[in-house]
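A.B. asks: structure for this input, please:
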Amino acid sequence: MSEAANKARICVVDDDSAVRDALKTILEDSGYEVAALGSSEEFLDSLNGGQEPACILSDVRMPEMSGLELLKTLSTRRMKSPIILITGFADVPMAVEAMKAGAADFIEKPFTADRIKSAVVAALDRSASGDGPEAADRVHQRLSALTERELEIMTLLVTGHSNKSAARELSISPRTVEVHRARVMQKMEARNLAELVRMSVLINR
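C.D. replies: As a prediction, this is how the structure comes out:
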């Protein structure tokens, strides 16, 4: 982790105090300064006159304003802080919507400490370097390695299809979709669906 990352201030937004405390502990153990807040509204209030956090981790399902609504609100304010969304009730369309709305990552519960740490490091690194032409070029190079069928599978995945619905769309078996999906993830160097959607958004801006 870089020296700059160690000094970063992270905001955790979650209405579940146990999850909030767990995330705070994980991040503080990694050297971050952490502010833990119980709602989107409390977080927005904390911004008045304050400095933007380096990164935000927010639960998706919260009373009043959800994490996804918070993401979209901050986007309209042109905040540059990367936002990582966390949920215990994930589905493919939700993940796709979150990433297209600008989420830096989308993490399902139960999460591991390593998953949280790696997501924050990656979000901070991208925030510092930006997704410039070089990043888009790398994605295009990886795309060129996909077969026609793999490209069809990727297109369906990043538009919200599950393995089963992709199989129905292409008139193939779900198992065949799984095999192609694994190859897509490997060739695109994507660790999860969230990263794959990010790549798609990057090259379609």
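A.B. asks: alpha carbons only for contacts and neighbour counts from here, please
C.D. replies: Noted.
A.B. asks: any idea how far L68 is from the residue lying closest to K72 once chain neighbours are set aside?
C.D. replies: The shortest distance from K72 to any residue other than its chain neighbours is 6.6 Å, reached at A101 (C-alpha to C-alpha, 6 or more residues apart in numbering). According to C-alpha to C-alpha, to the nearest Å, A101 stands 8 Å off from L68.
A.B. asks: which one's more surrounded, the two?
C.D. replies: Per other C-alpha atoms under 10 Å, whichever of A101 and L68 has more neighbours is L68, with 24 against 15.
A.B. asks: residue contacts, the more buried one?
C.D. replies: By C-alpha atoms under 8 Å, 6 or more residues apart in numbering, the contact list for L68 reads 60, 85, 98.
A.B. asks: try it again with 10 Å
C.D. replies: 58-62, 74, 83, 85-86, 94, 97-99, 101-103 (C-alpha atoms under 10 Å, 6 or more residues apart in numbering).
A.B. asks: also A113?
C.D. replies: By C-alpha under 10 Å, 6+ apart, the contact list for A113 reads 22-23, 25-27, 30, 119.
A.B. asks: chain center to the helix or strand hosting V121, what's the gap?
C.D. replies: Under the criterion of DSSP states H and E, V121 resides in helix 113-129. In terms of C-alpha atoms, centre = their mean, to the nearest Å, the centre of helix 113-129 is set 10 Å apart from its chain centre.
A.B. asks: distance check, A128 against S81.
C.D. replies: For A128, the distance to S81 - C-alpha to C-alpha - is 10 Å.
A.B. asks: ok, H180 next?
C.D. replies: From H180 to S81 the distance is 34 Å (C-alpha to C-alpha).
A.B. asks: what's the following helix or strand after the least confident helix or strand in the chain by mean pLDDT?
C.D. replies: Across the helices and strands of the chain, mean pLDDT, DSSP states H and E gives its lowest value to helix 3-6, namely a mean of 46. Next helix or strand after helix 3-6 toward the C-terminus (DSSP H and E): strand 9-13.
A.B. asks: list the buried ones in the helix or strand just after that following strand?
C.D. replies: Next along the chain after strand 9-13, taking DSSP H and E as the criterion, comes helix 17-29. Buried residues in helix 17-29, counted by 16 or more other C-alpha atoms under 10 Å: 19-20, 23-24, 26-28.
A.B. asks: pLDDT below threshold where in this structure?
C.D. replies: Applying pLDDT under 70 to the chain flags residues 1-7, 49-50, 90-91, 129-133, 205.
A.B. asks: now the helices: where do they sit in it?
C.D. replies: According to DSSP state H, the chain carries its helices in the segments 3-6, 17-29, 40-46, 67-76, 92-100, 113-129, 133-143, 148-157, 163-170, 174-188, 193-203.
A.B. asks: before I go, just wanted to say thanks for your time.
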